[in-house]
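Take this sequence and fold it.
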Amino acid sequence: MRHPSDSEAWKHFNETHPFFVAEPRNVRLGLCTDGFQPFGQSGRKYSSWPVIVTPYNLPPWMCMKEAYMFLTVIVPGPTNPKQKIDVFLQPLIKELTLLWEEGVEAFDISKKQNFQLRAALMWTISDFPAYSMLSGWSTAGKLACPYCMEDAQSFRLRHGGKTTWFDSHRMFLDQHHPFRKDRKNFLNGHTVKSLPPTLRTVEEILNQISELGLRKVIEEDVQVVNSRICKSCGWKKQSIFWDLPYWSSNMIRHNLDIMHIEKNVFDNVFNTVFNVKDKTKDNPKARLDMLTYCDRPQLAKDASGKYPKAAYTIDNEARDILFNWVKSLKFPDGYVSNLGPCLETNKSRLFGMKSHDCHVFMQRLMPIAFRELLPSNVWQALTELSLFFKDLTSTTLRVADMERLEIDTPQIFCKLERIFPPGFFNSMEHLPVHLPYEARIVGPVQYRWMYPFERYLGTLKKMIGNKASVEGSICEAYLMTESTQLFSHYFEPHVITRDHNVNRNDDGGVVEDHKGNLSIFTYPGRLSGEAKKKSLSLEEIKTAQTYILLNCKEVEPFVSMYVERLQEEYTNLSQDQIDENLETYFSIWFKQYVRSNHIENAFLRSLAHGPLTSAICHSVYFVNRYKFHTESHGSARSTMNSEVCISDPNVGDYYGRIQEIIQVEYREEPLKNTVLFKCEWFDRTMNVGVKKHNQYKLVDVNHRRRYKKI
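The predicted structure follows:
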């Protein structure tokens with residue numbers, strides 16, 4: 001699955017509403033809302049709540065972009081509307097109903113005709129508190145999980161006083177899993193025989209709301225009636241979204257936001273492992289709860305009245321090692337912010353990390369960071385947690401992989417329950433159990449998380465021109481932006497607009513083509529940095545010529561011809577012998593073949609003669625919207641764009657570092673050139689130059705050993 005249209009929810013909607021599918025130009029929408037403080041954290045308290053709608057009838061590279069996010073409602077401050085947000089959503093729901101039942105007349109520019117355009121809201125996207133505001137289900141307390149609902153096994157801690165989801169995941173395991181009978185490492189003396197909660201059907205949910213007598217926020221006496229009912233159930237209101245005629249046919253109506261869930265899980269793990277003051281989940285009350293609910297006497301107070309160090313925490317020496325390692329890290333340009341300034345050594349914490357920084361640390365750094373600092377069982381559990389989020393947030397999902405995660409995720413959190421205290425497991429440590437199901441039904445998470453909407457909220461915040469009238473100034477600026485956005489579609493393609501802006505890693509676009517030109521000469525790319533001339537050695541010329549020939553699409557028929565003749569002359573040649581012969585003799589044979597057979601293509605003739613001995617070296621090259629630079633150019637920079645990897649399905653991966661970026665030229669007009677990376681390669685011998693973890697597939701490269709071709 002690469003797009004929501006590949007998902008089961010989308011296909012189910014098609015089957016349920018064939019009249020809607022009959023017009024392929026009908027639009028499917030997602031809705032998001034979140035609050036922001038226009039005056040910042042230090043300014044006066046004020047909360048404004050935009051409601052944003054975005055279409056999904058777009059290719060993946062256009063979905064969720066700012067140009068296709070539409071501000072439909074903005075709930076004025078200064079306070080959070082909470083459950084009363086439905087009052088402000090009434091006009092939007094009315095318009096969505098009209099768009100479904102009657103549609104609006106629209107003009108199709110491609111066919112030069114009018115048609116009746118309809119639209120449907122597929123789901124909502126929000127953080128967990130806003131999930132409650134939109135769905136009507138309370139996301140606080142013992143019934144916070146909107147999937148488990150009344151079947152949740154959460155409870156309130158005796159000493160910590162907060163709700164915990166500790167030992168709430170064994171019921172999701174296979175019936176014969178040994179964890180179900182474990183009386184020691186979970187709730188003391190407790191085994192689990194119950195099955196996981198069954199998902200409520202739409203009919204069951206609607207019947208429950210009706211039987212409880214819950215009212216809409218816009219009805220009379222709603223506060224008195226609903227507040228009385230809320231005390232005995234998890235519902236807080238009847239959501240206004242049920243007014244949409246098709247809402248009950250949606251398989252997933254409200255999405256759990258993976259961005260905030262991952263951020264909260266990371267914060268809990270990091271603060272507890274580093275024992276951050278006032279933020280760790282391993283405090284005196286947590287130790288008392290651990291002795292109350294678990295069989296872990298080794299963590300009780302010792303004779304001196306102090307609590308011993310837990311296996312899941314690291315000491316100051318290990319903390320300093322990790323912090324120094326993080327400070328030395330270099331990432332590719334634009335991959336993540338600089339983590340060095342986020343380190344507060346004196347307070348043993350990472351401060352000021354954005355959600356995306358936590359996302360990168362969780363999925364890329366955590367398995368490496370804790371591998372030598374924590375016991376094996378703790379490291380394995382945290383590594384599996386890291387890989388879970390990595391698999392879940394992949395841009396391409398397979399149904400089989402999500403089904404596997406539905407089985408593996410409860411096991412991961414059961415392993416964490418055997419390690420961390422009960423107070424560690426709040427609702428954010430329970431919701432990931434349901435995320436693989438959502439991904440299997442609705443599709444890739446990049447269409448359903450808050451990252452693009454959070455960036456758009458930042459854009460809206462910049463529109464505030466009058467602090468005395470926050471919402472009014474946003475609306476005026478938005479209307480101006482929307483108008484100019486529409487007009488920009490009528491400009492010529494060469495005009496730079498918001499839609500046609502030059503990318504920071506622009507590769508120069510399409511290269512001027514000539515009749516008969518070869519693909520190796522037309523690949524777009526942009527060189528940067530100081531240009532220096534270089535004379536190529538005979539070995540460099542031969543290596544460059546062979547590599548270019550074997551990677552040119554137009555030369556492939558000649559390669560096949562050469563291999564066939566080689567196999568006819570020498571039978572029983574292995575593939576390694578053929579590859580070695582190609583690298584040694586093919587360029588010579590190709591030059592002779594082109595000359596003796598009078599090949600008419602001038603570009604092939606130039607290619608056969610090989611590159612000129614004089615080349616031009618640059619330090620930076622932009623290609624495929626990526627930036628590459630040489631090792632020497634990036635040595636003093638905080639980013640790293642010189643490391644490369646080449647995958648070979650037959651022999652494995654090669655890891656290297658760019659030493660030179662060389663532009664080679666060929667004789668005769670028109671001008672023909674191509675760019676090569678000269679790299680030093682690391683030894684790829686398994687368990688010598690490269691180590692690969694069998695279970696988690698983590699790769700270690702020994703930077704002190706170089707690859708030597710035999």
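
low-confidence ranges in the chain?
42, 347-348, 510-513, 709-710 (pLDDT under 70).

Report the central residue of it.
In the chain, the centroid-proximal residue (CA atoms, centre = their mean) is residue 393; its distance is 4.5 Å.

ok, now which ones touch the nearest residue to it once chain neighbours are set aside?
Distance criterion CB to CB, 6 or more residues apart in numbering; nearest residue to residue 393, sequence neighbours excluded, is residue 445 at 5.3 Å. Heads up, the C-betas are built off the backbone N, CA and C, glycines and all. Applying CB atoms under 8 Å, 6 or more residues apart in numbering, we find residue 445 in contact with 258, 392, 393, 439.

what does the domain assignment say about the chain?
Annotated domains of the chain cover 1-128+240-256+448-474, 258-443, 508-536+611-709, 538-604 [the TED database].

now those domains as a markdown table including distance to residue 490?
Shown next, in a markdown table, are these (distance: least, CB to CB, whole Å):
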| stretch | distance to residue 490 |
| --- | --- |
| domain 1-128+240-256+448-474 | 10 |
| domain 258-443 | 31 |
| domain 508-536+611-709 | 21 |
| domain 538-604 | 38 |
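
of all those domains, which lies closest to residue 192?
domain 258-443 (10.0 Å; CB to CB).

Tell me what residue 643 is bridged to.
residue 657 (DSSP bridges).

From residue 679, how far off is it?
With distances taken as CB to CB, to the nearest Å, residue 643 is found 9 Å from residue 679.

so how many other residues sit close to residue 196?
Residues near residue 196, counting by other CB atoms under 10 Å, number 16.

For the closest residue to it other than its chain neighbours, give me its contacts.
Sequence neighbours aside, residue 172 is the residue nearest to residue 196 in space, at 4.6 Å (criterion: CB to CB, 6+ apart). The contact partners of residue 172, by CB under 8 Å, 6+ apart, come to 196, 409, 410, 433.

Mind doing that once more with 7 Å?
Residue 172 makes contacts with 196, 410, 433, as judged by CB atoms under 7 Å, 6 or more residues apart in numbering.

Out of the domains of the chain, which gets nearest to residue 499?
Short answer: domain 1-128+240-256+448-474, nearest of the domains of the chain by CB to CB, at 5.9 Å.

Can you give me the first-to-last residue distance of the closest one?
One end of domain 1-128+240-256+448-474 sits 37 Å from the other (CA to CA, to the nearest Å).

just how off-centre is that domain within its chain?
21 Å (CA atoms, centre = their mean, to the nearest Å).

do the same with stretch 224-234
Offset of stretch 224-234 from its chain centre (CA atoms, centre = their mean): 38 Å.

Tell me the buried residues in it?
Within stretch 224-234, the residues scored as buried using 16 or more other CB atoms under 10 Å are 225, 226, 229, 230, 233, 234.

How about stretch 475-491?
For stretch 475-491, a neighbour-count test (16+ other CB under 10 Å) marks 477, 478, 481 as buried.

and if you look at stretch 149-165?
Across stretch 149-165, burial judged by 16+ other CB under 10 Å covers 149, 152, 153, 154, 155, 157, 159, 160, 163, 164, 165.

before we move on, back to that, now list whatever residues contact both of residue 643 and residue 679.
Jointly contacting residue 643 and residue 679 under the rule CB under 7 Å, 6+ apart are residue 657.

buried residues in stretch 404-421?
405-406, 409-421.

Those: which two are farthest apart?
Across these, no pair lies farther apart than 406 and 421, at 26.6 Å, counting by CB to CB.

Can you show me the helices along the stretch 401-550 of the chain?
Secondary structure of the stretch 401-550 of the chain (DSSP state H, counting those that start in this stretch): helices at 435-442, 451-462, 470-488, 538-550.

so how far is the third one off the chain centroid?
Yep, that's helix 470-488 we're talking about. Averaging C-alpha positions (CA atoms, centre = their mean) puts helix 470-488 30 Å from its chain's average.

got it, and the first one?
Relative to its parent chain, helix 435-442 has a centroid offset of 15 Å by CA atoms, centre = their mean.

which residues touch the nearest residue to residue 221 once chain neighbours are set aside?
Distances taken as CB to CB, 6+ apart place residue 215 nearest to residue 221, at 7.5 Å, with adjacent residues excluded. Taking CB under 7 Å, 6+ apart as the criterion, residue 215 is in contact with 222, 225, 226, 238.

Kindly provide the distance from the residue sitting furthest away from the middle of the chain to residue 176.
Taking CA atoms, centre = their mean, the residue of the chain most remote from its mean C-alpha position is residue 596, at 54.7 Å. Residue 596 is 73 Å from residue 176, where distance means CB to CB.

Also residue 453?
43 Å.

Repeat that for residue 485.
Counting by CB to CB, the gap between residue 485 and residue 176 amounts to 58 Å.

Also residue 442?
To residue 176, residue 442 is 31 Å away according to CB to CB.

who has more neighbours, these two?
Legend: neighbour count by other CB under 10 Å for residue 442 and residue 176, higher for residue 442 (23 against 7).

Would you confirm that the more buried one contacts residue 252?
Yes. Between residue 442 and residue 252 a contact is recorded at 4.9 Å, counting by CB atoms under 7 Å.

So for these two, which residues contact both of them?
Contact criterion CB under 7 Å, 6+ apart; residues shared by residue 442 and residue 252: 9, 123.

Ok, which of the domains of the chain comes nearest residue 189?
Closest approach to residue 189 among those is made by domain 258-443 (8.0 Å; CB to CB).

what's the first-to-last distance across the closest one?
The straight-line separation of the ends of domain 258-443 (CA to CA) is 13 Å.

Ok, stretch 108-128 next?
Counting by CA to CA, you get 39 Å between the two ends of stretch 108-128.

Now do the buried residues in that stretch.
Residues of stretch 108-128 classed as buried: 117, 118, 119, 120, 121, 122, 123, 124, 125, 126, 127, 128 (neighbour count, 16+ other CB under 10 Å).

partners of the third one in the sheet?
Beta-bridge pairing for residue 119 (DSSP bridges): residue 27.

Surely it is in contact with residue 99?
Yes. Between residue 119 and residue 99 there is a contact at 4.1 Å, judged by CB under 7 Å.

Helix 435-442 and the host helix or strand of residue 122, what's the angle between them?
Counting by DSSP states H and E, the element that carries residue 122 is strand 119-125. Counting by axes from the mean of the first three to the mean of the last three CA atoms, to 10 degrees, strand 119-125 lies at 170 degrees to helix 435-442.
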